[in-house]
Each structure stands twice: as C-alpha cells, then as structure tokens.
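Colleague: This is a predicted model, with the sequence first.
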Amino acid sequence: MSEQRELLKQLAREVALMPQEEMLERRRGNKALHIGIPREIAFQEHRVPLTPTAVGVLVGRGHDVIIERGAGTAVHFQDNDYTEAGAQVVESAEEVFRADIILKVAPPSLKEIELLRYKQILISALQLTVQPKDSLRRLMERKATAVAWDFIKDRQGIYPIIRAMGEIAGITSIQIASEYLAAEKGGPGLMLGGISGVAPADVVVIGAGTVGEFATRSALGLGASVKVFDKSIYRLRRLQAMLGRTVWTSVIQPEELRKALQHADVAIGALRPEHGRTPMVVTEEMVQGMKAGAVIVDVSIDRGGCFETSEVTTHTDPVFKKYGVIHYGVPNIASRVPRTASYALSNIFGPLLLSMGDVGGFEDLIKKDLGLRHGVYLYNGALTSEVLSEAFKLPYKDLDILLAAF
C-alpha cells in the first residue's frame, strides 16, 4: 500500500510539473489592438464608426486608435475630441492604413483597397451592389481578412447593426414624409396627426420588418392613421404583438393595396428581400391612382425599391414628382441623421473590439464568436462566403476548416 501511495504521489508531482496548455492559452488574453479609422470618402457618407467616448474606453483598456483628421467633422466630433480621448489624429489615409484593424462604415473604394497591407483586417459594410465589380478580387489579391458588419449576428441571431440602421430608417422615413407634406415643400400642407374636427393623415407602410415596425410606431406616435401590408402573416402578427395595440394589417394583395394607396397621404416602402432584389409590389398604375401631393418614401430603394416609379436620389436632390406624387429615393437614409447613426454603430463596434482584445485578438474571437464569424467573407484572401462564391463564380473555402488549420 505504501509503495502504491508513493507511486501515486510521484505521478501527481509529474502531472503538476507538466506544461499546462489550457492555462497558457488563457494568459494570451488582453491583447492590445491597433485600430485605424479613415475619413469616409464615399458619396454622402457622414457616419463614423466610433465616437470619442468609445475611443476613450478602448484607449483606457490599452488599445491604440489612429484616426484620420476630419473623420468626425460631419457629425460634430472634432479632432481634439478624439485626441483628448487618447486617439492619435493623423493627416492622411496612408498613415491610418498602417494599423492592424481598419474600421470603416462604407465599403472600401478601390483606392482604399490599394492601401491595405498584406493580411490586414478590414471591418466595413459589404454592399456589393454599390461597389466596383473587381473590389472582391482586389481584396483577395491583398490576402485581406474582411468582415461585413451588415452580416454580423448577435447571440439571438439578429443582425444588430442592420436592426439599428433599420430603426433609424423607419423613424426618419416618417419625419421625411411629414416634411414633404408641408406646403412649402410642394405637398398639400397636411399634418400627419389630426386635430379636433380634422381627420389624421393616412399612412400605408409596406413591410412589417424592423423598418416597417419603427415607421409604424413613429406614425402612430404622431397621430396618423396607419395601414400595414406584408407578405408574411407571421410578421404582421408579430408587429401587432410588439405594438401592443390593434393596427389595420393585410397580407399583400394587389387589389387591397391599390385601394389603400388611393386614400394614402404617405406610403413607406419597407420591404427587404431574403436574397436579390426587393419585390416590386406597387405598380406604376397604382401610383398614378394616388392623391396629388402624396409622398412616397421608398426605404427599399437600396435593393431596387418596391415602387415601380421609384428612382435613386441623393441627399442634395432627394425628391422628384411623378403623376403629382412626391418620390423620395435616397438609399442611405441613416446618413441623414449621422450623429444618431454614429452613436448606434459605436454602441456595437465598441464592445465588439473590447471583447476582441480581452480574448487575445481577432483570430481568437472568431473561433469563439459565431456571430462575428458569420460576418467574415474573406480570410487571408480566401473567399469564405458561399453566397458570394455563387454570385461571382469564384471558389470558396469553409471558414471552420481554415480556422482548424491554425
């Protein structure tokens, strides 16, 4: 028995002296990140991905942030706000692109792609519909690791940034409609909410997703009469439950939609397709039957629009009239309120970057965070998105297999 005890003690000592791999792995945490934020050069893109407050938190945790001069000017974040937060403000994009992680709002231009270093990490929107056709190939040639923030998921499987931008677009669409109903903007001079003895405006919302939900909330809050259409009865029921009140709803049926639009003072296009183009559910004939001075805000225009008469417009020239109906077709509505949108982006990017540093860096986080991994479409130059592979006829590799090799 004593010999067995001595043998067990000896084995225990040997085990204790063996390298503790798991403990060594844990000690790799708290890696300092080097984050670069260039000034946005995309047309009418005014948002910035991190506020000075978020930068201050990151710098306080030992991370380095470098930002191009003037990056936050459009949202009234001055350069000295960032320097006081601990960021380094530099004069050129070339200096920013020396960072390990490039954080942007808009997709990279070809000029910005050329500035990327070998195997650099890029976090930005994807939006291939507005990017040059060879952007993806150029990124692959740079061996870049690219993350599309519009495809990042949270623990509940929701796209948090898309939802945040959808909330903004929904609320802002009603504000826009109210503005263009005013007589000095060419509208009939109508308030959305009625007063005693005067009926409220009729608002038709097409789509019961995030944009539709917040457009409906905003319109109801102003006292308007709202009708909501969607192709999914499930989404309509969910909307009713979330609003906590009864709202007139219908699945999209051409005749019902036509009747509703005839009486509408405002129509909001808020459909979002699963893949490809937005379904065009409102025909030119339906628009022709609308009231003179009615307002269409087609939030779906970034994916083709759901009104046949819609056209892409800009923030500097946002509307046009057709058949007497005012059409608003700016695809980037969130950039109309860039300060609010910047805070919303920063609320998501800030904690994400902190988590990245806490676990040991980007590589370690994408191994653990399935939501972030869902946004990765390039890994060291290898295409990891099956959807993009099919769209561009390019080979792709499974990201899990690539990660297992490291």
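Modeller: Perfect, I can see it now.
Colleague: Where in this structure is the helix or strand with the lowest mean pLDDT?
Modeller: helix 21-26 (a mean of 39; mean pLDDT, DSSP states H and E).
Colleague: Over the helix or strand just after that helix, what's the mean pLDDT, rounded is fine.
Modeller: Where DSSP states H and E defines the elements, the next helix or strand beyond helix 21-26 is strand 34-37. Strand 34-37 carries an average pLDDT of 97.
Colleague: List the buried residues of the next helix or strand after strand 34-37.
Modeller: Next helix or strand after strand 34-37 toward the C-terminus (DSSP H and E): helix 52-60. Residues of helix 52-60 classed as buried by neighbour count (16 or more other Cβ atoms under 10 Å): Pro52, Ala54, Val55, Gly56, Val57, Leu58, Val59. In short, each C-beta sits where N, CA and C put it, glycine included.
Colleague: go on, stretch 365-385?
Modeller: Buried positions in stretch 365-385, judged by neighbour count with 16+ other Cβ under 10 Å: 365-367, 369, 371-380, 383-385.
Colleague: how far does it sit from the chain's center?
Modeller: On the basis of Cα atoms, centre = their mean, to the nearest Å, stretch 365-385 sits 17 Å off its chain's mean C-alpha point.
Colleague: Same check on stretch 320-330?
Modeller: The answer for stretch 320-330 is 26 Å, by Cα atoms, centre = their mean.
Colleague: Would you mind measuring the gap between the ends of that stretch?
Modeller: Taking Cα to Cα, to the nearest Å as the measure, stretch 320-330 stretches 11 Å from start to finish.
Colleague: Average pLDDT for it, rounded please.
Modeller: Mean pLDDT, stretch 320-330: 96.
Colleague: contacts for it?
Modeller: Applying Cβ atoms under 8 Å, 6 or more residues apart in numbering, the set of residues contacting stretch 320-330 from outside is 176-177, 180, 185-187, 287-288, 290-298, 301, 305, 307, 309-315, 318-319, 336.
Colleague: Identify each buried residue in it, please.
Modeller: Val325, Ile326, His327, Tyr328, Gly329, Val330.
Colleague: Look up the closest residue to Trp248, ignoring the ones flanking it.
Modeller: Counting by Cβ to Cβ, 6 or more residues apart in numbering, Trp248 lies nearest to Lys227, which is 4.6 Å off, once chain neighbours are set aside.
Colleague: Doesn't that neighbour lie inside a strand?
Modeller: Yes. Counting by DSSP: H, G, I helix; E, B strand; the rest coil, Lys227 is located in a strand.
Colleague: pLDDT score assigned to it?
Modeller: With respect to pLDDT, Lys227 has a value of 97.
Colleague: Likewise for Gln175?
Modeller: The predicted local confidence for Gln175 is 96.
Colleague: How many residues are close by the closest residue to it other than its chain neighbours?
Modeller: Among residues not flanking Gln175 along the chain, Ser218 sits closest, at 7.4 Å (Cβ to Cβ, 6+ apart). By the measure other Cβ atoms under 10 Å, the count of residues near Ser218 is 24.
Colleague: repeat for Ala201
Modeller: Applying other Cβ under 10 Å, we find 24 residues neighbouring Ala201.
Colleague: What of Gly244?
Modeller: A count of nearby residues for Gly244, using other Cβ under 10 Å, gives 6.
Colleague: Could you tell me the per-residue confidence at it?
Modeller: For Gly244, pLDDT reads 88.
Colleague: hmm, back to that, A strand includes the residue nearest to Gln175, no?
Modeller: No. Counting by three-state DSSP, Ser218 falls outside a strand, being helix.
Colleague: Go ahead and confirm it touches Ile171.
Modeller: Yes. Contact criterion Cβ atoms under 8 Å: Ser218 and Ile171 qualify, at 4.7 Å.
Colleague: low pLDDT regions in the stretch 101-250 of the chain?
Modeller: The stretch 101-250 of the chain contains residues with pLDDT under 70 at 128-133.
Colleague: how about the helices in it?
Modeller: 110-115, 135-141, 160-180, 210-221, 233-243 (DSSP state H, counting those that start in this stretch).
Colleague: I appreciate the help and will end here.
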